[in-house]
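Undergrad: with the input below, show me the fold.
(one chain, ligands or ions: 1)
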Amino acid sequence: MYVGTISRRVDVFIVGAGPGGLACAIAAASQGLQVEVIDAAKPPIDKACGEGLMPDTLAALAQLGIDLNHASIQEELQSSSFPLRGIRFIGSPSDTRRATTTEAIFPEGQGRGLRRTVLHQLLLQRALALGVRLHWQTSVQRIEGEQVHTSRNTVHARWIVGADGHQSRIRFLAKLHKASSGSQRIGLRQHFAITPWTDFVEVHWADHAQAYVTPVSPNEVCVAFIASKKFTNIQGALALFPSLQRRLMSAPATDKPRGAITMSRRFHHVTSGNIALIGDASGSVDAITGEGLALCFRQAIELAQAFKAEDLSLYEQAHARLHRLPRFMSRSLLMMDRSPRVLKKTLNTFQRKPDLFSQLLKVHIGHSQFHLLGSSGILASLLCFITS
Ligand SMILES: Cc1cc2nc3c(=O)[nH]c(=O)nc-3n(C[C@H](O)[C@H](O)[C@H](O)COP(=O)(O)OP(=O)(O)OC[C@H]3O[C@@H](n4cnc5c(N)ncnc54)[C@H](O)[C@@H]3O)c2cc1C
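TA: As a prediction, this is how the structure comes out:
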C-alpha cells in the first residue's frame, strides 16, 4: 500500500477514506483524474453498520467497478459474505402478545451481507488499482483557495472533497454547516457466531428501538441496535427483543460491541467554490433505511461527472435529487419508531396487505418510481393508515 509524501498538485484531494471518500476517489480516477486521499485513521477502518447491501447498493457499487455478483468475486467472498433475498419486519410492540411478521423478496437480484471491513478492503483495492494515492493518519489544518494545509504538507488541488463523516471539519471550514433540523439516534453493533437462520434482513421492532439482523457469512450474523436512548450493553439491548434474544442465547459474540451515532440531517448546500461534500459529511438519513452506503456510491458517480464538466452545480442538483426518496423513507420509518400506535397499526397493515410492503420495498430500492407510488395511491393509503 502506498504511504509517502504528498505530491504538490492534484486534480482531486479527498479528506476521509470511508466508503464516501473511497467511492469518490474511484469515480474520479476512473474519469482519468489524479486523486489523493487522506484519513486521520489507518486501516483496517471499521464502523458500526448494519452491513446489509441492498440490490440497488450493489448496482451502484458495480458502476464503480466492484461487481459483487461477478463469479470471481463471489468465489473470493464465499466465506466472508452472505446472499440476501429480501426484508422481513418482525414487530413485538409492548402491547402485542403475538409478534407481527411481514416479508418481501427483492423484486430483482440479490442483496449481500458483507462485513464493513471487507467492504472497505474492496474499495481500497479498487482505488489503488486506479492509481489513487492514500495517506493515513493525516488530517487537514486549513484550506486557502486551492491550497490544502495538512498535518504533513501543503497540496494544491483543483477540487477538494469533504468525505470526513458526520463531524466534518471540511464542512465547517467551507462554511457549509447550515442545516435543516434533523434527528439523532444511537447505534450499537455486535457480531455473533451462528449459522444464519434466514437469508432475509430481519428488522425487529420494539417500542422506540429496532434491531436489524444481517447474515454476513455462512457462520456469522451482524446485529445493529438503534434507539434514541443509549443502550446499557448488548444484553440490555437484546432484552428489548425477546424472540431475537432467544435465537442468540447460545451464540458467542465474535468481537467487541461498537457504537455510533446515526443522524437524519440535511444541509442547505453541499458545495462552495471548489469544495464539495459527500457521504455523511453532506447530510444523512437514519441508519434504519440502510441507504447510507448507496447514497455514498451514487453521489460519488455524480460528483466525478461534475468534476469532468467543471461544474459543481450539477452535483448540487443531483445530490438533492438523490436524497429525496431516502429522506421520505427515513421520515416514515422514524414515525413508526416514535409512536407505538403508528408502529402497531403499520405492522398490522403490512401483515394484512403484504403486497403493500412489497410495493414499498420496490420503491425503496429504486425498482419503482417514487411518483408512481404516489399516483398509484399506495403511498396515500399507507400514510392514511399510519396517521389516522
Ligand atoms: C448503527 C449504524 C448502522 C448503519 N447501517 C447501515 C446499513 O446497513 N447500510 C447502509 O448503507 N448504511 C448504514 N449506515 C450508514 C453508513 O454507515 C454511513 O452512511 C457511511 O458510513 C457513510 O460513509 P462516509 O464515508 O460518508 O463516512 P464514514 O464512514 O464516517 O467515514 C469518514 C472517514 O473520514 C475520516 N475522518 C473523519 N474526520 C477526519 C479528519 N478531520 N481528517 C481526516 N479524516 C477524517 C474517518 O476516519 C473515516 O474514515 C449505518 C450507520 C450506523 C451508525
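Undergrad: need the next SSE after the host helix or strand of residue 319, C-terminal direction.
TA: Assigned by DSSP states H and E, residue 319 belongs to helix 312-338. Next along the chain after helix 312-338, taking DSSP H and E as the criterion, comes helix 340-352.
Undergrad: report whether stretch 318-335 contacts the ligand.
TA: No. Shown here: stretch 318-335 not in contact with the ligand (Cβ under 6 Å from any ligand atom), separated by at least 9.7 Å. Yep, even glycine has a C-beta here, placed from its N, CA and C like the rest.
Undergrad: can you list the neighbours in contact with that stretch?
TA: 183, 264, 266, 270, 282-283, 285-286, 288-289, 291, 294-295, 298-299, 302, 306, 342, 363-364, 366, 370, 382, 386 (Cβ atoms under 8 Å, 6 or more residues apart in numbering).
Undergrad: looking at it now, give me its mean pLDDT.
TA: On average, the pLDDT along stretch 318-335 is 92.
Undergrad: so which bits of the stretch 201-350 of the chain are right by the ligand?
TA: Counting by Cβ under 6 Å from any ligand atom, the stretch 201-350 of the chain sits next to the ligand at 224, 226, 260, 262, 279-281, 284, 287, 290-294, 296.
Undergrad: nearest to residue 243 among the residues you listed?
TA: Residue 243 has its nearest neighbour among those in residue 224, at 16.7 Å by Cβ to Cβ.
Undergrad: which pLDDT value goes with the closest one?
TA: Model confidence at residue 224 (pLDDT) stands at 98.
Undergrad: confirm it sits in a strand?
TA: Yes. Counting by DSSP: H, G, I helix; E, B strand; the rest coil, residue 224 falls inside a strand.
Undergrad: so it makes contact with residue 186?
TA: No. At 11.0 Å, residue 224 does not count as touching residue 186 under the criterion of Cβ atoms under 8 Å.
Undergrad: looking at these two, which one has more neighbours?
TA: Using other Cβ atoms under 10 Å, the more surrounded residue of residue 224 and residue 186 is residue 224, with 26 against 18.
Undergrad: which residue packs closest to the more buried one, ignoring adjacent ones?
TA: In space, and not counting its chain neighbours, residue 224 is closest to residue 50: 4.3 Å by Cβ to Cβ, 6 or more residues apart in numbering.
Undergrad: ok, now which ones touch the one you found?
TA: 189, 201, 212, 214, 222, 224, 287, 290.
Undergrad: ok, these vs residue 248, which is closest?
TA: Nearest to residue 248 among those, with distances taken as Cβ to Cβ, is residue 222, at 11.7 Å.
Undergrad: now the closest residue to residue 133 other than its chain neighbours, what's its secondary structure?
TA: Distances taken as Cβ to Cβ, 6+ apart place residue 36 nearest to residue 133, at 4.6 Å, with adjacent residues excluded. In the three-state summary, residue 36 is assigned as strand, counting by three-state DSSP.
Undergrad: what's next to the helix or strand hosting residue 205, contact-wise?
TA: Secondary-structure assignment from DSSP H and E places residue 205 in strand 200-206. Contact with strand 200-206 is made by 50, 52, 84-94, 103, 111, 113, 210-214, 240-241, 243-244, 288, 290, 336, 343, 347, as judged by Cβ under 8 Å, 6+ apart.
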